[in-house]
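Have a look; sequence and predicted model below, questions after that.
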Amino acid sequence: MSVIVKNISKEYGAQKAVNDISFEAKKGEVLGFLGPNGAGKTTTMKIISCYIPQTDGAASVCGFDVKDDPMEVRKKIGYLPEHNPLYLEMYVKEYLNFISKIHKVSGAKSRISDLIEMTGLGKEQGKKIGQLSKGYRQRVGLAQAMLHDPEVLILDEPTSGLDPNQLVEIRSLIKQLGKEKTVIFSTHIMQEVQAICDRVVIINNGNLVADDPIERLQERVRGEVAVSVEFIEKVEKAALQKINGVASVRKGAKNQWQLTAKKDLDLRPEIFKFAIDQKLTLIELHKELSSVEDVFQTLTKGS
């Protein structure tokens, strides 16, 4: 595993910002790290990236402990914090060159050119950072995080301030990076989670409340599993109610139906068998999942 967090806690006096959380993130995975404001997301990210120490527990990045080997951990991590700190009086290329010297990047000139193209900074590269919009400043922050080609990227609200076209470009870039790196990605935009993430960790009031692949997360809070089905032929409701495992049947448009069953029971094989037995033509059959937003609200209710 690229990132291992074991029983991490962080206390500020009497306040426990993070309470005994554990999770792992592996190479080739985009991990969505979610939670309400004040849940402990940024605190956890700062611990992993060696900005602050934990009170209890342990964390490691690519085999290096964040307390014992902080310099080695920093070499392995590219970090874009929530409040993107930039030198506003520096030009874009000047700033990236400055960062390349800190990381001792070989072939810095070529690497900077590649990143400027990758992050869409081409037409803004001759400007001072202070002259850029918030969206382009985010792109500069993303470029500096990737400059030394780290194995792990920690991105805290990386799409904040981007317009819709920029969002599509940066989401695509993050998804691409996730194929070869470990990406821990924090956002409040639930559509991004479904579009980008392979797995999701949710914390609430400093506690871990979910750690699941994206599809399993969507299933876990639904009391009943729903299946949408459509036939070419007309079907009677009473016939559908007799399918093994069906708890309820609801009519949709035309020959569309929604069938529900008890949790963890997949009705699709039984529906398919029913269609064959009755000589019906199936034109749609899929399991309905809760949206990530629904799951998030359920698991963080009352925060």
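Received the coordinates, thanks.

For my notes, confirm E72 occurs in a helix.
Yes - counting by DSSP: H, G, I helix; E, B strand; the rest coil, E72 is found in a helix.

How confident is the prediction for the nearest residue to it once chain neighbours are set aside, by pLDDT?
Among residues not flanking E72 along the chain, F64 sits closest, at 4.2 Å (Cβ to Cβ, 6 or more residues apart in numbering). From N, CA and C alone the C-beta is placed, and that goes for glycine too. Per-residue pLDDT puts F64 at 96.

quick thing: my sequence starts at 41, can you match it?
New numbering, starting at 41: the last item is F104.

What is the burial count for F104?
19 (other Cβ atoms under 10 Å).

That one reaches I117, doesn't it?
No - look at F104 against I117 with Cβ atoms under 8 Å: they stay out of range, at 9.9 Å.

any idea whether D108 is helix, strand or coil?
Going by three-state DSSP: D108 is coil.

Dihedrals phi and psi, it?
As for D108, its main-chain torsions (degrees, to the nearest 10) stand at phi -80, psi -30.

V106 touches I92, doesn't it?
No - counting by Cβ under 8 Å, V106 stays clear of I92, with 9.9 Å between them.

Which one of these two is surrounded by more residues?
The residue with more neighbours, out of V106 and I92, is V106; 25 against 15, by other Cβ under 10 Å.

mind checking how far the closest residue in space to that one that isn't next to it in sequence is from I243?
Once flanking residues are discounted, V106 sits nearest to A99: 4.7 Å by Cβ to Cβ, 6+ apart. In this view, A99 and I243 are 14 Å apart by Cβ to Cβ, to the nearest Å.

Would you mind telling me which of these two has the busier surroundings?
I243 (25 against 22).

how would you label the residue nearest to V106: helix, strand or coil?
The three-state label for A99, taken from three-state DSSP, comes out as strand.

OK, contacts around it?
Residues in contact with A99 (Cβ atoms under 8 Å, 6 or more residues apart in numbering) are V43, I44, V45, K46, I48, I87, I88, D105, V106.

Show me where the protein has its strands.
Using DSSP state E, the strands assigned to the chain run over residues 43-52, 55-65, 69-74, 96-101, 104-105, 117-120, 192-196, 222-226, 239-244, 247-253, 264-271, 286-291, 296-302, 322-328.

Distance to T159 added to the ones you listed, as CSV?
Listed next are the strands of the chain as CSV, based on distance: least, Cβ to Cβ, whole Å:
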stretch, distance to T159
strand 43-52, 23
strand 55-65, 23
strand 69-74, 17
strand 96-101, 23
strand 104-105, 27
strand 117-120, 11
strand 192-196, 13
strand 222-226, 15
strand 239-244, 25
strand 247-253, 29
strand 264-271, 40
strand 286-291, 47
strand 296-302, 44
strand 322-328, 37
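
Please work out which of the ones you listed is packed deepest.
Counting by mean count of other Cβ atoms under 10 Å, strand 222-226 has the highest mean neighbour count of those, with a mean of 26.

Skip the chain neighbours and tell me the closest residue to M230.
In space, M230 is closest to E333, 4.0 Å off (Cβ to Cβ, 6+ apart).

what's around the one you found, how many residues?
There are 13 residues near E333, going by other Cβ under 10 Å.
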